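Student: Sequence unavailable; structure follows:
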Ligand SMILES: Cc1cc2nc3c(=O)[nH]c(=O)nc-3n(C[C@H](O)[C@H](O)[C@H](O)COP(=O)(O)OP(=O)(O)OC[C@H]3O[C@@H](n4cnc5c(N)ncnc54)[C@H](O)[C@@H]3O)c2cc1C
């Protein structure tokens, strides 16, 4: 939805979806519902990473002759985008957080030095391939009527890493996914222990929010690494980001400062998190958070 929304903000979005044959109709329908004017499908099955998707992207790029190819900056997306750029001899812009158009063509935006600077880049010849940081683009397109066209893909046979075995991790959480959550409650080192981090989980559950954390909280073992928000964690752009006992280091802010409303609770009035907070509460979190949770529960009741 994000890639299609970003593409629609500067042109006509054409989606390429890859996956097992039985999943493609559903994926194609979803892409149209996200606003893709046309959807090209390609069957990608098996355990090879990157190369089969790059084969499909290459076939689509040669057919469509796009100005810009947007690929989500996931592990596999980055691999496929790099391969595609090499094969098309096209430039690549890594980890973009925005797209625009000026009089000369497509411009992409990057957030660098832990979010301290925004820089723009453009390609002098195209197509520009860009990997897109997930959770960084708000644009969404209107749903389109499905126009699904299978791609003819010639397998390149290029070498690729393969998955030989894997162990599924049972997802036990009923909370929203961190990356796409509308509300996030994040806890930092100020929580002091894994047991006390439960305060964050209770508040999150009261708000129907996802649980996030600073790296200090993750490193201290209060919460699992998948909860980390920031430069080396997940980038998020929720409607509400509630930071509790998080000082607001630049590396944390890099992953959350695009949240629409930021609320911070910290006992240190000079903590940098207050520089970007829309609402700040200076005080002891162990007093404030239980009261806040109780007040929200009472309001729900
Ligand atoms: C290369 C690199 C990458 C990094 N990537 C990330 C990243 O992705 N994400 C990330 O978060 N960090 C990242 N960091 C770490 C970052 O620099 C900070 O160290 C980290 O964000 C600090 O976490 P914190 O705010 O929880 O801890 P602290 O900075 O220690 O802040 C704790 C806060 O809790 C407050 N507090 C304490 N007790 C209470 C209380 N009882 N009530 C209210 N407030 C209280 C304190 O006043 C303080 O402001 C990275 C660092 C490096 C070098």
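Tutor: Now that the structure is in, tell me what you want to look at. Keep in mind that what you see is a predicted model, and the values were worked out from it rather than measured.

Student: In this structure residue 232 contacts residue 214, no?
Tutor: No. Using C-beta atoms under 8 Å, residue 232 makes no contact with residue 214, being 11.1 Å away. Any C-beta I mention is one placed from the backbone N, CA and C, and that applies to glycine too.

Student: Show me which residues of the stretch 51-200 of the chain are close to the ligand?
Tutor: Within the stretch 51-200 of the chain, the positions near the ligand by C-beta under 6 Å from any ligand atom are 188, 189, 190.

Student: Please list all residues in contact with the last one.
Tutor: In this case it means residue 190. By C-beta atoms under 8 Å, 6 or more residues apart in numbering, the residues touching residue 190 are 244, 245, 246, 266, 267, 285.

Student: So which of the residues you listed reach the ligand?
Tutor: Answer for the contacts of residue 190 near the ligand (C-beta under 6 Å from any ligand atom): 245, 246, 266, 267, 285.

Student: Out of the contacts of residue 190, list just those in helices.
Tutor: Using DSSP state H, the subset of the contacts of residue 190 located in helices is residue 285.

Student: For the contacts of residue 190, which ChimeraX command selects only the ones that are buried?
Tutor: Here is the ChimeraX command that selects only those of the contacts of residue 190 that count as buried (16 or more other C-beta atoms under 10 Å):
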select :244,245,246,266,285
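
Student: just the contacts of residue 190 now: which is nearest residue 13?
Tutor: Minimum distance to residue 13 across these is 36.2 Å, recorded for residue 246 (C-beta to C-beta).

Student: show me what contacts the closest one?
Tutor: Residue 246 touches 186, 187, 188, 189, 190, 214, 217, 252, 264, 266, 273, counting by C-beta under 8 Å, 6+ apart.

Student: Please apply the same query to residue 42.
Tutor: So residue 42 contacts 16, 17, 18, 55, 56, 59, 60, 150, 151, 153 (C-beta under 8 Å, 6+ apart).

Student: Go again with 6 Å.
Tutor: By C-beta atoms under 6 Å, 6 or more residues apart in numbering, the residues touching residue 42 are 18, 56, 151, 153.

Student: Just give me how far the helix or strand hosting it sits from the chain centre.
Tutor: Residue 42 belongs to strand 38-43 when assigned by DSSP states H and E. Centre-to-centre, strand 38-43 and its host chain are 23 Å apart (C-alpha atoms, centre = their mean, to the nearest Å).

Student: Partner strands of that strand and their direction?
Tutor: Strand 38-43 sits in its sheet next to strand 14-19 (parallel), strand 148-150 (parallel), going by DSSP bridges.

Student: As CSV, those with mean pLDDT and mean neighbour count would be great.
Tutor: Output for the strands paired with strand 38-43, formatted as CSV (pLDDT from 0 to 100; neighbours: other C-beta atoms under 10 Å):
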stretch, mean pLDDT, mean neighbour count
strand 14-19, 96, 22
strand 148-150, 96, 14
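
Student: Which among these is found nearest to residue 178?
Tutor: strand 14-19 (23.4 Å).

Student: Give me the packing partners of the following helix or strand past that closest one, helices and strands only.
Tutor: Toward the C-terminus, strand 14-19 is succeeded by helix 24-33 as the next helix or strand (DSSP H and E). The contact analysis (3 or more C-beta pairs under 6 Å, 6 or more residues apart in numbering; DSSP states H and E) places helix 24-33 against strand 14-19, strand 38-43.

Student: so residue 55 is in which element?
Tutor: helix 51-64.

Student: Residues contacting that helix, please?
Tutor: 14, 16, 18, 40, 42, 44, 80, 83-84, 87, 151, 153, 155-156, 158, 160.
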